[in-house]
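Student: sequence and predicted model, in that order:
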Amino acid sequence: MKILITGGSGYIGSHTCVELLNAGYEIVVVDNFLNSKAESMNRVRRITGKDFKYYEADLLNKDALDVIFSENNISAVIHFAGLKAVGESNNFPLKYYQNNVTGTINLCEIMKKYGVKKLVFSSSATVYGSTNQVPIKEETILGAENPYGRTKLMIEEILRDLYHSDQSWSIALLRYFNPIGAHESGLIGEDPKGIPNNLMPYIAQVAVGRLSSLSVYGNDYPTLDGTGIRDYIHVVDLAIGHLRALEKVQCIHGINAYNLGTGIGYSVLEMVKAFEKASGISIPYVMKDRRPGDVAICFADVTKARIQLGWKASRGIEAMCRDIWRWQKNNPNGYNEELEIQHSDKQPVLTKAADF
Ligand SMILES: O=c1ccn([C@@H]2O[C@H](COP(=O)(O)OP(=O)(O)O[C@H]3O[C@H](CO)[C@@H](O)[C@H](O)[C@H]3O)[C@@H](O)[C@H]2O)c(=O)[nH]1
């Protein structure tokens with residue numbers, strides 16, 4: 001019996017593949033490699049010493065999904081595949097609804113056809129919108145504020161309807177807070193396309209010389225140092241959360257949402273300092289206006305995941321920053337070998353992924 005991982009070549013997907021293989025699961029990956037590189041699959045093999053099959057296919061292609069299910073004895077699915085850039089989703093809403101929502105409906109239809117009714121879905125804290133009640137509990141009223149967030153919310157609702165129509169489904173909705181970090185091997189990590197939107201990949205690219213300085217969006221929030229507070233979670237802890245959720249859906253029917261975070265918030269400037277300490281590199285930054293749509297403070301109440309999944313994040317910000325830096329230093333241009341130097345005043349540390 002195999003676990004199908006959609007979007008398994010991406011940032012969180014690839015780390016989850018490692019944890020599943022290390023735990024003895026057999027896996028099959030499907031990915032369209034739109035936002036990821038097949039090289040991550042080679043790296044997963046290298047880290048684990050285990051082989052697995054992957055398919056290059058899109059969830060919009062139902063026939064391809066049918067082939068994957070017919071060729072593999074799949075018992076459960078972890079569903080990561082989807083578009084995830086908030087800004088892009090404002091410009092291309094139809095693309096987001098089609099990819100994320102239709103892709104998920106196709107997947108569920110094929111799962112139903114093959115009698116596979118165990119699903120772990122990659123949701124996001126974005127479904128809480130701009131709530132200012134922290135820590136955020138799963139029961140908080142939901143309301144996403146951009147097309148990307150609404151796709152996650154719609155999918156959660158579609159899956160709830162699916163469960164209510166057939167209570168033999170088992171579904172876990174995992175609401176991620178701010179995943180950062182990388183596998184401690186330095187072989188896999190986050191490899192954003194273009195200029196990063198998120199804080200930590202941006203900082204890492206400043207450190208490696210690809211970007212010149214960080215813009216800190218807002219220093220007038222009602223926080224200790226005026227900068228925004230988020231719940232950063234190490235991607236390996238997050239990946240392990242998927243294993244616990246998979247165990248849960250394998251033993252009970254139902255649909256449940258879980259926050260996956262640490263329950264601790266850090267400000268932008270605290271993250272800059274922690275990264276500087278871990279890397280020994282100073283990060284130049286400039287204060288800018290608030291970024292539209294950002295909330296001041298966001299962190300999770302993680303009690304439900306602790307009690308019901310027996311899961312708790314164990315890696316702190318030192319480990320998160322150390323691991324991001326190891327990945328970025330050894331892979332200055334992510335999985336690409338060619339390095340685009342955007343600022344000639346800094347030189348990249350390496351031009352190729354390092355061998356370990
Ligand atoms: O160049 C940057 C980027 C970010 N920030 C700040 O850093 C914090 C974290 O920002 P970011 O890393 O972009 O994460 P979020 O805005 O919290 O968004 C993440 O978390 C959301 C809710 O969980 C998800 O919807 C998003 O997809 C995911 O990127 C915020 O205070 C930002 O204002 C900066 O100051 N400069």
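Tutor: Sure thing, it's come through.

Student: who in the protein is up against the ligand?
Tutor: Residues of the chain lying close to the ligand by Cβ under 6 Å from any ligand atom are 84, 86, 124-126, 149, 177-178, 197-199, 202, 214-217, 228, 230, 268, 291, 294. All C-beta spots, glycine's among them, are computed from the backbone N, C-alpha and C.

Student: so which of the residues you listed are in strands?
Tutor: S124, N178, L214, S215, V216, Y217, R230 (DSSP state E).

Student: report pLDDT for the nearest residue to Y285 once chain neighbours are set aside.
Tutor: On the basis of Cβ to Cβ, 6 or more residues apart in numbering, the spatially nearest residue to Y285 that is not a chain neighbour turns out to be L214, at 4.1 Å. In the prediction, the pLDDT value recorded for L214 is 98.

Student: would you agree L214 is in contact with I203?
Tutor: Yes - in this structure, L214 is within contact of I203 by Cβ atoms under 8 Å, at 5.8 Å.

Student: how about the nearest residue to Y163, chain neighbours excluded?
Tutor: I255 (4.2 Å).

Student: other SSEs contacting the helix or strand hosting V77?
Tutor: Taking DSSP states H and E as the criterion, the element that holds V77 is strand 74-79. For strand 74-79, the contact count by 3 or more Cβ pairs under 8 Å, 6 or more residues apart in numbering; DSSP states H and E identifies strand 2-6, helix 103-113, strand 118-124, helix 235-251 as packing neighbours.

Student: assign N219 to helix, strand or coil.
Tutor: Put simply, N219 is coil when judged by DSSP: H, G, I helix; E, B strand; the rest coil.

Student: which pLDDT value goes with the closest residue to it other than its chain neighbours?
Tutor: Leaving aside its sequence neighbours, N219 sits nearest to G226 (Cβ to Cβ, 6+ apart; 3.9 Å). On pLDDT, G226 comes in at 98.

Student: output the helix ranked longest in the chain as CSV, nothing but the C-alphas.
Tutor: For the chain, the helix that runs over the most residues, judged by DSSP state H, is helix 147-165. Provided in CSV are the C-alpha atoms of helix 147-165 (Å, rounded to 0.1, in the frame of the first residue of the first chain):
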residue,chain,number,x,y,z
PRO,A,147,-8.2,34.4,-4.1
TYR,A,148,-5.4,32.1,-3.0
GLY,A,149,-6.8,32.1,0.6
ARG,A,150,-10.3,31.6,-0.7
THR,A,151,-9.2,28.5,-2.7
LYS,A,152,-8.0,27.0,0.5
LEU,A,153,-11.2,27.9,2.3
MET,A,154,-13.4,26.6,-0.5
ILE,A,155,-11.5,23.3,-0.7
GLU,A,156,-11.9,22.9,3.1
GLU,A,157,-15.7,23.4,2.6
ILE,A,158,-15.8,21.1,-0.4
LEU,A,159,-14.1,18.4,1.7
ARG,A,160,-16.5,19.0,4.5
ASP,A,161,-19.4,18.5,2.1
LEU,A,162,-17.8,15.4,0.7
TYR,A,163,-17.4,13.9,4.2
HIS,A,164,-21.0,14.7,5.1
SER,A,165,-22.2,13.0,1.9
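
Student: just for this protein, where's the confidence low?
Tutor: Along the chain, segments meeting pLDDT under 70 span 337-356.

Student: helices of that one, start to end?
Tutor: Defined through DSSP H, the helices belonging to the chain, from first to last, are 11-22, 39-48, 62-71, 86-91, 93-96, 103-113, 147-165, 199-207, 235-251, 268-279, 303-304, 317-330.

Student: would CSV of those helices with mean neighbour count be doable?
Tutor: Compiled in CSV, those are given as follows (neighbours: other Cβ atoms under 10 Å):
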stretch, mean neighbour count
helix 11-22, 25
helix 39-48, 20
helix 62-71, 16
helix 86-91, 15
helix 93-96, 15
helix 103-113, 19
helix 147-165, 19
helix 199-207, 24
helix 235-251, 22
helix 268-279, 20
helix 303-304, 14
helix 317-330, 22
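
Student: ok, what's across the strand from the nearest residue to E138 once chain neighbours are set aside?
Tutor: Closest residue in space to E138, ignoring its immediate chain neighbours: A257 at 4.8 Å, by Cβ to Cβ, 6+ apart. The partner list for A257 in beta bridges (DSSP bridges) reads L173.

Student: A257 - how many residues pack around it?
Tutor: As a burial measure, A257 scores 20 neighbours (other Cβ atoms under 10 Å).

Student: re the thing from before, what does the residue nearest to N219 show for phi and psi?
Tutor: For G226, the backbone dihedrals are phi 90, psi -10 (criterion: degrees, to the nearest 10).

Student: for the ligand, give me its nearest residue in the stretch 201-350 of the chain.
Tutor: Going by Cβ to the nearest ligand atom, the ligand is nearest to G228 of the stretch 201-350 of the chain, at 2.5 Å.
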